[in-house]
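> give me a model of this one.
(one chain, ligands or ions: 1)
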Amino acid sequence: MEEMSVTRVALLGFGTVGSAVARRLASPASFVSPVSSEITLTHVVDRRARVKQSASGLPSSVLWTDQIDDVLASDVDIVIEAIGGVAPAGEWIRRALLTGKSVVTANKQVVAREGASLWRLAARQGRQFRFEAAVGGAMPIVRAVADGLTGDSLTRIVAVLNGTSNAVLSQMDATGCSMAAALADSRRRGFAENDPSADLDGTDARAKLAILCALAFGIRLDANDIAARSVSSLGSDDFAVARRNGRTIRQLAFADFDRGTSTLGAWVAPVAVDRDSIFGRTVGAQNVALLIGEHAGEIGIFGAGAGGDATAVAIIGDVVSIARDRAAIVPPPRLTSAFTLRPSIDSFEDAVVPTLAFAEAV
Ligand SMILES: NC(=O)c1ccc[n+]([C@@H]2O[C@H](COP(=O)([O-])OP(=O)(O)OC[C@H]3O[C@@H](n4cnc5c(N)ncnc54)[C@H](OP(=O)(O)O)[C@@H]3O)[C@@H](O)[C@H]2O)c1
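Predicted coordinates:
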């Protein structure tokens with residue numbers, strides 16, 4: 001009989017995502033692990049560790065601390081980063097890799113800014129850096145683009161990547177309510193933060209799109225260079241007009257890469273989409289992505305784009321992948337900065353046309 005090894009996991013951040021991950025890891029029967037390794041949660045790091053521990057329901061064997069050094073000095077195999085934000089998350093991930101841990105993160109901002117160098121560091125350390133949860137919640141798009149679709153030459157991505165915007169816009173469409181009312185409802189249902197500006201103005205979707213462009217096209221794209229238009233000024237009148245034309249409005253993330261000339265068009269903006277298109281049918285906090293390849297044509301991925309339980313699915317999938325083969329080294333993609341970014345915001349109206357035609361064709 002093969003001997004059962006133990007994979008020790010530390011969790012950073014016991015918030016919406018972290019607490020859902022912890023609950024799942026504490027009851028291993030809740031996920032199928034095709035791994036001859038027992039996955040055990042050993043540490044939780046949170047700045048309010050003492051307050052949260054008592055109500056956590058986690059086994060007493062889990063060590064709670066507000067000190068990252070307690071994890072770095074331990075024999076933990078995998079660190080899950082779920083605190084969010086750029087600092088200290090980026091530094092903690094780097095230090096975890098330097099002390100020989102593999103890292104799983106849900107943090108799109110850190111991955112968009114530092115993902116390539118963190119992945120290279122992981123490979124140098126003989127460890128893994130995985131971030132499925134950073135794009136699309138439970139939707140396995142990172143894996144699809146970085147792995148399953150490498151047999152194609154992807155040329156275009158059209159996606160709904162921000163669950164909050166989608167929840168707000170689909171609510172406005174369904175009820176005719178104002179954006180303020182839709183936001184209040186989304187906050188009540190846990191889809192929107194108190195300050196939703198990063199979701200509405202496209203900052204969140206731009207970071208996710210930059211990650212997908214790196215994986216799909218092999219380019220090093222600064223998320224800040226992606227043109228963006230906010231959805232925040234949309235009102236019930238805009239939805240009424242769209243409805244009269246058989247359309248609704250979604251925040252779309254779009255990237256189109258011409259491999260012949262190495263030019264990229266990339267933007268995040270509100271777009272009137274056909275109601276019957278896959279984008280029009282994506283409601284609430286759902287996400288959807290259509291990927292176009294030169295060989296396979298259209299590939300679609302659809303699913304829950306936000307929420308603790310949904311995001312935990314992606315995180316646990318990454319943990320299981322690492323536990324399955326801890327010695328595996330996943331080589332980072334080679335990224336180039338040798339491409340031209342089309343001034344999409346100027347040509348935005350033109351760019352919408354092929355997207356609409358595309359959406360209607362779905
Ligand atoms: N929520 C989603 O649906 C979703 C979906 C996909 C990806 N993500 C990503 O997942 C990550 C976590 O998101 P979330 O929604 O779970 O956030 P959250 O609810 O705010 O949880 C973050 C947790 O980390 C703790 N924390 C923050 N800074 C810390 C620090 N410096 N030291 C120790 N603990 C710290 C927070 O403590 P306090 O309680 O004191 O604030 C909180 O418990 C983010 O990168 C987010 O983008 C979230």
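
> what's the nearest residue in the stretch 251-362 of the chain when you look at the ligand?
residue 306 (3.4 Å; Cβ to the nearest ligand atom). For every residue, glycine as well, the C-beta is placed using N, CA and C.

> what pLDDT does that residue get?
Note on residue 306: pLDDT of 88.

> number of nearby residues for residue 17?
28 (other Cβ atoms under 10 Å).

> in contact with it, which residues?
Residues in contact with residue 17 (Cβ atoms under 8 Å, 6 or more residues apart in numbering) are 82, 106, 133, 308, 311-312, 315.

> now do the SS call for residue 213.
helix (DSSP: H, G, I helix; E, B strand; the rest coil).

> so what's it closest to, chain neighbours aside?
Distance criterion Cβ to Cβ, 6 or more residues apart in numbering; nearest residue to residue 213, sequence neighbours excluded, is residue 221 at 4.7 Å.

> give me the number of residues near the one you found?
24.

> distance of it from the ligand?
19 Å (Cβ to the nearest ligand atom, to the nearest Å).

> residue 180 too?
22 Å.

> for that residue, report the pLDDT, please.
On the pLDDT scale, residue 180 gets 95.

> one more: residue 355?
44.

> got it, and residue 272?
Here the pLDDT value assigned to residue 272 is 89.

> my guess is it meets residue 246, correct?
No: the pair residue 272 / residue 246 is not scored as a contact, 9.6 Å apart, by Cβ atoms under 8 Å.

> point out where the stretch 251-362 of the chain drops to low pLDDT.
Along the stretch 251-362 of the chain, segments meeting pLDDT under 70 span 344-362.

> which residue ranges of it form helices?
308-324, 348-361 (DSSP state H, counting those that start in this stretch).

> and the longest one, anywhere near the ligand?
Just to be clear, that refers to helix 308-324. Yes: using Cβ under 6 Å from any ligand atom, we find that helix 308-324 touches the ligand at residue 311.

> helices or strands up against that helix?
strand 5-12, helix 16-26, strand 37-45, strand 78-81, strand 102-105, strand 129-130 (3 or more Cβ pairs under 8 Å, 6 or more residues apart in numbering; DSSP states H and E).

> please read off the pLDDT at the residue nearest to residue 134 when sequence neighbours are not counted from the model.
Using Cβ to Cβ, 6+ apart and skipping residues adjacent in sequence, the residue nearest residue 134 is residue 108, 4.2 Å away. Looking at residue 108, its pLDDT stands at 97.
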